[in-house]
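> Sharing a model that was predicted from the sequence below.
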Amino acid sequence: MSETTPLECVLGFVRAVEAGAGSAQIRPFLADDFKLTEWPHALSKTGSTSNLEQTLSGADQSKHVVADQNFEIVRTTCQDTRVVLEMNWSATLLLDLPHWDQGDTIRARSTAVFEVLDGRIVSQDTYDCYYTLPE
């Protein structure tokens, strides 16, 4: 993967997640010391930090939580090894969550900041703003 640009690496990762990829499919995009930081949002008042192993486990578990994920990338900003994506995200819930019921479409405006070294993502900081559009 080292021949890809940081943007190509990040977009490949996002498209794999969007397609419902599990740990085996997303692992090639992530560095051994990968760190995911999710800043506080409606579903996690304190936020969370995950290492590579936890992130891969979460990818495998996500197929039981959401389906039909869609990342509409609104803007990309790249500087050296840093990639910032502004996105509209949506998915169908497969179980009840606070504020939403199974079958609902959950939506978020998200900004994600990635650091890519040697063709792999070493960190991701995500800022999600969840909302529900009026029907």
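Received it, and whenever you're ready, just let me know what you need.
> got the residue ranges for the strands in this structure?
Using DSSP state E, the strands found in the chain span residues 30-38, 48-51, 66-79, 82-93, 105-117, 120-131.
> Where does pLDDT dip in the chain?
The chain contains residues with pLDDT under 70 at 1-2, 133-135.
> Apply 90 and report the result again.
By pLDDT under 90, the low-scoring segments of the chain are 1-3, 40-45, 97-99, 130-135.
> closest one to Gly12 among the strands of the chain?
strand 120-131 (9.8 Å; CB to CB). Any C-beta I mention is one placed from the backbone N, CA and C, and that applies to glycine too.
> Run the angle between that closest one and strand 82-93 for me.
Using axes from the mean of the first three to the mean of the last three CA atoms, to 10 degrees, the inter-axis angle of strand 120-131 relative to strand 82-93 is 50 degrees.
> What helices and strands are in contact with strand 120-131?
Helices and strands touching strand 120-131, by 3 or more CB pairs under 8 Å, 6 or more residues apart in numbering; DSSP states H and E, are helix 6-18, strand 30-38, strand 105-117.
> Let me know the angle separating that strand from strand 30-38.
Using the same axes, to 10 degrees: strand 120-131 against strand 30-38 is 20 degrees.
> Now strand 120-131: buried residues?
Applying a neighbour-count criterion of 16 or more other CB atoms under 10 Å, one finds Arg120, Ile121, Val122, Ser123, Gln124, Asp125, Thr126, Tyr127, Asp128, Tyr130 buried in strand 120-131.
> Give me the sheet partners of that strand and which way each runs.
The sheet places strand 120-131 alongside strand 30-38 (parallel), strand 105-117 (antiparallel), with pairing taken from DSSP bridges.
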